[in-house]
Structures are given as structure tokens and as C-alpha cells.
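**Q** Here is the input, now give the coordinates:
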Amino acid sequence: QLVESGGGLVQAGDSLRLSCAASGRTFSRYAIGWFRQAPGKEREFVAAISTRRVTDYADSVKGRFTIARDDFKNTAYLQMNSLKREDTALYYCAAGTIDRDPSAYDYWGQGTQVTVSS
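**A** Modelled structure (predicted):
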């Protein structure tokens, strides 16, 4: 089970840190991905981190967002800086094989809402 937290309403330019807490003992075996979905749009890839901490970012967030993981705490993070209105979406974390395709992930959280106002 994955549970996201840390979303909220912020102003453009602000920062947020999302957390993804996992239950179970196999967290370290999975890559973790963050995806987002805005109203009326398809779910899109944001960032991912492999079991060896290789990272990948969507071009739209590169240089602003940082993904990390703490396998001792069974938790992954998404640090989001310099937020823009277009970052507004429901953010999901997922566990599976590192990939930009959502179908590569086996487990999903319920999502946490991020709203950025101008």
C-alpha cells in the first residue's frame, strides 16, 4: 500500500514536498514513480527513481523537482520548487519498474492534490 501526503494550496514560486509512504518489507525492491493528472488531461510522468537511485525527470519539471527515497523509512519524496500554475494536479506515487509508462507500475497510491495559484 502506498499513501501520498504533503499536497496543498500554494502560490506560484513556492515549494512543497510530497511524501509517499509504503507498507510492507519490499519497498527497496521497487522503483518509485511520481505521476500527475490535471482535470481533463491524461496522467503524465513526473519523475522516477530506481532501486539504485538512478533518477529520471520529465522535461517540464527538470531543475525544479527532485525525487528521493529512504528505504529505511519505506518512503519516497518529491521536492517541488519554483511551482507554477501548470503544476496543479493530483499527484500519485507508484511502485514498479522504472519507466515513464504508468503501466510499468504495479502499485499506486490514492493521490494528493497540489494546487498552485498565481
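**Q** Across the sheet, point out what pairs with the spatially most central residue of the chain.
**A** For the chain, the residue nearest the mean C-alpha position is residue 34 (2.7 Å; C-alpha atoms, centre = their mean). Taking DSSP bridges as the rule, residue 34 bridges to residue 47, residue 93.
**Q** Start at 39, not 1
**A** Sure thing, new numbering starts at 39, so read that last one as residue 72.
**Q** Got the confidence number for the closest residue to residue 86 other than its chain neighbours?
**A** Leaving aside its chain neighbours, residue 86 sits nearest to residue 71 (4.1 Å; criterion: C-beta to C-beta, 6 or more residues apart in numbering). Where you see a C-beta, it was placed from the backbone N, CA and C, and this is true even at glycine. pLDDT for residue 71: 98.
**Q** residues touching residue 71, list them.
**A** For residue 71, the contacting residues are 83-87, 131-134, 136-137, 140, 142-143, by C-beta atoms under 8 Å, 6 or more residues apart in numbering.
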